[in-house]
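Participant: below are the sequence and a predicted model; questions follow.
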Amino acid sequence: MHKWVTLILAGGQSRRMGTSKTFLPRRDQLMIEHLVYISQKVSEHTIIISHENDVLRLNKLFIQNKNISVLQDDQQFKGLGPLAGLYTGMRHVKAEWYFVLANDMPNMNISYLKGLQQCTLTHSESDIIIPIDNGRMHPLAGIYRNQKNEIYEYLKDGNKKMTTYIDSLLTYKILEQEWGEWTNQGNIFFNMNTPADLTAWEKNMDI
């Protein structure tokens, strides 16, 4: 069993963007290449939970790296949101802790992820560790213990709301005073949902 695995959730429809967010440009890389690169610095294996339309291209992109897996949501829970992706990844590769990242955060960096790692030592009793920014939780920028069985039961009962699931477990919510010390990167949780978001980020780079 691994100690650290990263789950990159890239299975969304990207309707507002009009094209797959997984392959958006980020400086001289694709968005997914950046996220895979930083994830490989802190974890032993990276799992990309992909939309079915992107699987072939992702497999070609990372064919040389045996520490990367490209999966689609487990058929039983397909289309049930981020928790379906977590369940699929946790079922595929066993680990003690899973970094969970959205596929559209261009400012995410290694120093922040290392901060999450350290947080698992100081809050080892927690099931989930996620940041709070301006009063808002960011569950797709956190770290989770292996909860395959708990997520299975939650989804099987017809639930899919992630915030309700998070509140049902022992969750440590990191305030900005703490996670802000891990990184100098501005607006680290910025995510790109529309072409306007992409344009704004390209103009400012750390919007």
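Facilitator: That came through fine.
Participant: only C-alpha atoms for contact and neighbour calcs from this point on.
Facilitator: OK.
Participant: and the strands in the chain?
Facilitator: Using DSSP state E, the strands of the chain run over 2-10, 25-26, 29-30, 45-50, 68-71, 95-102, 128-133, 136-137, 141-145, 171-174.
Participant: hey, which of these is tucked in deepest?
Facilitator: Most buried of those, by mean neighbour count (mean count of other C-alpha atoms under 10 Å): strand 45-50, with a mean of 26.
Participant: what helices or strands is it leaning on?
Facilitator: The contact analysis (3 or more C-alpha pairs under 8 Å, 6 or more residues apart in numbering; DSSP states H and E) places strand 45-50 against strand 2-10, helix 31-40, strand 68-71, helix 82-92.
Participant: so how far is the last one off the chain centroid?
Facilitator: This means helix 82-92. Put simply, helix 82-92 sits 11 Å off its chain's centre (C-alpha atoms, centre = their mean, to the nearest Å).
Participant: how about that helix: buried residues?
Facilitator: 82, 83, 84, 85, 86, 87, 88, 89, 90, 91 (16 or more other C-alpha atoms under 10 Å).
Participant: okay, and the beta partners of the most centrally placed residue in the chain?
Facilitator: Most central in the chain under C-alpha atoms, centre = their mean is residue 101, positioned 1.2 Å from the mean C-alpha point. According to DSSP bridges, the partner residues bridging residue 101 are residue 8, residue 141.
Participant: quick check: residue 78 touching residue 88?
Facilitator: No - if you go by C-alpha atoms under 8 Å, residue 78 and residue 88 don't touch, sitting 9.6 Å apart.
Participant: what is the neighbour count of residue 79?
Facilitator: 17 (other C-alpha atoms under 10 Å).
Participant: so what's it scoring on pLDDT?
Facilitator: pLDDT recorded at residue 79 is 86.
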